[in-house]
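Novice: Generate coordinates for the sequence data below:
(chains A and B)
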Amino acid sequence: MNRTVCGGFSGRRFGALVIGRGLAVLAAAALLVPWVQAQGTAGALGGEMAQAWRFLRLEDPAVRYVVWGTLLLGTTCGLLGGFMVVRRMALVGDALSHAVLPGVAVGFLWNMSRDPVAIFVGATIAGLIGTAFVSALTRTTRLKEDAALGLVLASFFAVGLCLLSLIQRLPSAQSAGLSHFLFGQAATIGPEDIRVMAVVAAVVILFVLALYKELVAVAFDAAFARSQGLPAAVVHHAFMFLLAAAVVIALQAVGVVLVSALLVTPAATAYLLTRSLPRLLLYSALLGGAAGLAGAFLSFLGPALPTGPLIVIAASVWFGVAVLFGPREGWCIRLWRRRVGVGRTRRENTLKSMYHVAEVDGFARAGVTLEELAARRRETVEEVRRLGVELRSHGLARLEREVLYFTPEGRRRAGEIVRNHRLWELYLTQSANFAPDHVHDHAENIEHVLGEAVVRELERRLNHARWDPHGRIIPSSSELERPAPLEGGGLR
Amino acid sequence: MTPEWVLPAFDAHAALVAPWTEHRDTFGWVGVMGFCVAAACGLLGNYLLLRRMALMGDAVSHSVLPGLVIAFLVSGGRGTGPMFAGALVAGLVATLIIDLLQSRTPLKQDAAIGIVFSTLFAIGVVLAVAFAGQIDLDPDCVLNGELLFVALEPSVAVGSLTLAPPAVIRMASVLALVIAVIVVGYRALLVSSFDPGIARSAGVHVRGVRLGLMLLLSLVVVSAFEAVGAVLVVAMLILPGATATLITERLPRMHGIAVVHAGASVWLGVGLAVWLDCSLAPAIVVAGAALFVAAWLMGPRGGLLIQLWERNRVQS
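Specialist: Presented below is the predicted three-dimensional model:
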């Protein structure tokens, strides 16, 4: 781990980085094109390489359909999923996606064919009935939302499975395509499916752009939205309708069981990267589309690899990367912050010890020998030298012939820490009725985190007292501003 | 609808009686197995409902799949022991990851569950397809279960005494374990489910109870998986308890109602499957859901009809 990876860069820069890397990969792939052509016919290449090349050329219409389909559904689901995750409705998508299965079966039975429009209509209606059931159950019974979701999810799914098993036993059923709705097979996407997907994606994007303010108000505070005269119920139902439609277009490629991941995972990833909703929606849509493309590409490499699970795994990989390396809450950056904090505390404590040693003879001498410091800290000279070297590398002290000298910055920092410590001790004894021998440990911890404003307030409340409970001088803030005698030595 | 498919005529005797009399060879053990699955899930599900952990069952049941596939690849066979161990480990890993995501990221439980179960399930499907040559794991069975195969298994015999098929014996012992845990640990389960604070002050190890419950959940889900598949387990876990909450508010009675619900839904579900000639496990769940809807409409405590009637009475 190093500073450039985990240092404090913002979500915006991370987003730029993700997009930048993506473009770089695409550019590298484009550079490979002449090389692959130079290699001659596909026969000369490995089977996977040839498949990858077939995919990247996009000349094959089947490949084009798959690419467009997965891109469209990933983006649509990612965009809507952003709202779901911030509304803590992540599992509503799960219930919805399972609830559409009976609709798929009925849509098929309607004219005994895999007609995209009939299946789309049937599935959307079934999904909406499912979500209506969830809200009716939570309203009229003592069941909690999680129970209602799980109940509707599994019950509707069971009805769907029953109907599917009926269909599969019909003599003339061309039900081959129907089992794809369970696990998804992007290769079955045809031009008509693409048309349905494109319409849904366009409507969703327009809807979000046009009604952004209303959606935000309803998502975060429905009561406020109503009080502002917004048609909260209408907006909510329109959102649920589009959600059902998005789930249904994703079904064929991803399958009933895994559609909900397309709603949750990209949005949760974006949630780790930023706290601004517009950016969250943008990242979520981009990550969803990227997961769709990656899944389609991977499934193209192997024979009969299912697209849906691979899309889900791609999205989960983005998520894992964000959990580990996210710029806000990533585990790497937290570890880094903790290490930085530990190092700073250690340096401040060394400075404080130096101050204590110098204080004994009233800051008469210019430096503090390592031996004195070691005696003070009850450590060996070797250990103290290491601390001194650390201070030197941070520009807080100079180390010359076993003697440590404050730099101006180090002198100021040392004074501040000692001041914080003694102010806090005084505050605890005076205002919180602590015994003077009980305040040291509290002050040890808080001296590193007191901010300027709190220190000013403490000084004001304590009437700019000069002495701490143990009879030692509290360096005052105004004193720390002008050069102290010891600094002369440091500056020469 | 189409002329190709018409609703078969309902023959009450053929659907509801014959499976248990004339065709007992086929449906006898299926019924016992179905009842054991539904009862074990339902009894445990009561506590999941109380703790608002209903969807943990969903997460565990989906994550069982990669465990099964990996155990199969590692052990190289369909031995019960390794498969069971693999699935159990996978279920526990899923609950651990969910807890980790919940406590160490800003995400809430719902998002954590959604991500973990779908990822693990996706890994399981990809592995199962990628190694399809070595694994005869039918994706349909992952969702439908293969309850009917139980009847085809030869029964285990001890000496001259012919016992039940091995799957039934396993499920029955799991059911017995669930009942034993509830009987022995009733007080701890009850208190820690309703009020963790009081439980802690009464000396109950709340986190231990939670961990034990997750362990038991994994065990039940794993054993039920082969019979009813990944998704339907969730219904088995929730439906009996949910039906019971509509009928009574007392926990001991909820247990009884859950068991009755389990038995009734197996009986009606087998009837439905025979009548319509569809898959068994989904039919049992559909029957259970129908029972739930009946309780919802006509339940004595806040059923929809009662609510409607009381509203009318108040208005007049």
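Novice: neighbours around residue A:108, how many?
Specialist: 24 (other CB atoms under 10 Å in any protein chain shown). For every residue, glycine as well, the C-beta is placed using N, CA and C.
Novice: whoops, I mixed them up, residue A:148
Specialist: So residue A:148, with other CB under 10 Å, has 22 neighbours.
Novice: Briefly note if the strand or helix carrying residue B:35 comes near chain A.
Specialist: According to DSSP states H and E, residue B:35 maps onto helix B:24-50. Yes. Interface with chain A: helix B:24-50 contributes residue B:49 (CB under 8 Å from any CB of the partner chain).
Novice: other SSEs contacting the helix or strand following that helix?
Specialist: Later in the chain than helix B:24-50, the nearest helix or strand by DSSP H and E is helix B:54-75. On a contact count with 3 or more CB pairs under 8 Å, 6 or more residues apart in numbering or on different chains; DSSP states H and E, helix B:54-75 meets helix A:145-169, helix B:24-50, helix B:80-104, helix B:109-130, helix B:206-247.
Novice: What ranges does the stretch 351-492 of chain A have for its helices?
Specialist: A:370-377, A:381-393, A:408-431, A:440-446, A:452-461, A:477-481, A:485-491 (DSSP state H, counting those that start in this stretch).
Novice: Chain B: which of those is closest?
Specialist: For chain B, the closest of the helices of the stretch 351-492 of chain A is helix A:440-446, at 23.8 Å, according to CB to the nearest CB.
Novice: Only the C-alpha atoms, please, for that closest one, written as CSV.
Specialist: What follows is helix A:440-446, C-alpha atoms only, in CSV (Å, rounded to 0.1, in the frame of the first residue of the first chain):
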residue,chain,number,x,y,z
HIS,A,440,-3.5,12.4,33.1
ASP,A,441,-4.7,9.3,31.1
HIS,A,442,-7.7,11.2,29.6
ALA,A,443,-5.5,14.1,28.6
GLU,A,444,-3.0,11.6,27.1
ASN,A,445,-5.6,10.5,24.6
ILE,A,446,-7.3,13.8,23.9
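Novice: Can you give me the buried ones in stretch A:188-199?
Specialist: In terms of neighbour count (16 or more other CB atoms under 10 Å in any protein chain shown), stretch A:188-199 has its buried residues at A:188-190, A:193-194, A:196-197.
Novice: If you could redo that for stretch A:325-335, that was the one I meant.
Specialist: Neighbour counts using 16+ other CB under 10 Å place A:325-330, A:333 of stretch A:325-335 among the buried residues.
Novice: measure that stretch end to end?
Specialist: End-to-end distance for stretch A:325-335: 11 Å, by CA to CA, to the nearest Å.
Novice: for the chain, which spans come out with low pLDDT?
Specialist: All of this is about chain A. Applying pLDDT under 70 to chain A picks out residues A:1-51, A:54-59, A:114, A:171-179, A:303-304, A:481-492.
Novice: let's do chain B instead
Specialist: Applying pLDDT under 70 to chain B flags residues B:1-7, B:24, B:77-79, B:132-144, B:148-153, B:155-163.
Novice: about what we covered before: in TSV, list the buried residues of stretch A:188-199 along with distance to chain B.
Specialist: Below are the buried residues of stretch A:188-199 laid out as TSV (distance: CB to the nearest CB, whole Å):
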residue	distance to chain B
A:188	15
A:189	18
A:190	22
A:193	21
A:194	24
A:196	23
A:197	21
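Novice: now those as a markdown table including secondary structure and distance to residue A:399?
Specialist: Listed next are the buried residues of stretch A:188-199 as a markdown table, based on DSSP: H, G, I helix; E, B strand; the rest coil; distance: CB to CB, whole Å:
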| residue | secondary structure | distance to residue A:399 |
| --- | --- | --- |
| A:188 | helix | 72 |
| A:189 | coil | 70 |
| A:190 | coil | 75 |
| A:193 | helix | 72 |
| A:194 | helix | 71 |
| A:196 | helix | 73 |
| A:197 | helix | 68 |
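Novice: Looking at those residues, which one is closest to residue A:255?
Specialist: Nearest to residue A:255, judged by CB to CB, of these is residue A:188 at 11.4 Å.
Novice: The closest one contacts residue A:116, correct?
Specialist: No. Residue A:188 is beyond contact range of residue A:116, at 10.6 Å (criterion: CB atoms under 8 Å).
Novice: buried set for stretch B:255-270?
Specialist: Buried residues in stretch B:255-270, counting neighbours by 16+ other CB under 10 Å, are found at B:255, B:257-270.
Novice: burial of residue 312, as a residue count?
Specialist: Going with chain A. A count of neighbours around residue A:312, defined by other CB under 10 Å, yields 32.
Novice: oops, I was thinking of chain B
Specialist: Neighbour tally, residue B:312, other CB under 10 Å: 9.
Novice: do the one 3 residues further on as well
Specialist: Counted with other CB under 10 Å, the neighbours of residue B:315 add up to 6.
Novice: And residue B:316, by the same measure?
Specialist: 5.
Novice: And for residue B:103?
Specialist: Other residues close to residue B:103 by other CB under 10 Å number 8.
Novice: How about residue B:270: what's its closest non-neighbour residue?
Specialist: Nearest non-adjacent residue to residue B:270, counting by CB to CB, 6 or more residues apart in numbering or on different chains: residue B:19, 5.2 Å away.
Novice: Identify the spatial nearest neighbour of residue A:352, chain neighbours not counted.
Specialist: Per CB to CB, 6+ apart, closest to residue A:352 is residue A:417, 4.9 Å.
Novice: Kindly report the same for residue A:159.
Specialist: Counting by CB to CB, 6+ apart, the nearest residue to residue A:159 once its immediate chain neighbours are dropped is residue A:102, at 4.6 Å.
Novice: On the three-state scheme, that neighbour is what?
Specialist: helix (DSSP: H, G, I helix; E, B strand; the rest coil).
Novice: Tell me how far it lies from residue A:157.
Specialist: For residue A:102, the distance to residue A:157 equals 8 Å [CB to CB, to the nearest Å].
Novice: Neighbour count: the two, which is higher?
Specialist: Per other CB under 10 Å, whichever of residue A:102 and residue A:157 has more neighbours is residue A:157, with 30 against 26.
Novice: returning to that earlier point: nearest to residue A:264 among the helices and strands packed on helix B:54-75 would be which one?
Specialist: Closest to residue A:264 of the helices and strands packed on helix B:54-75, according to CB to CB: helix B:109-130, at 3.8 Å.
Novice: Helices of the stretch 151-300 of chain A, residue ranges please.
Specialist: A:180-183, A:191-210, A:212-220, A:222-227, A:232-254, A:259-273, A:277-301.
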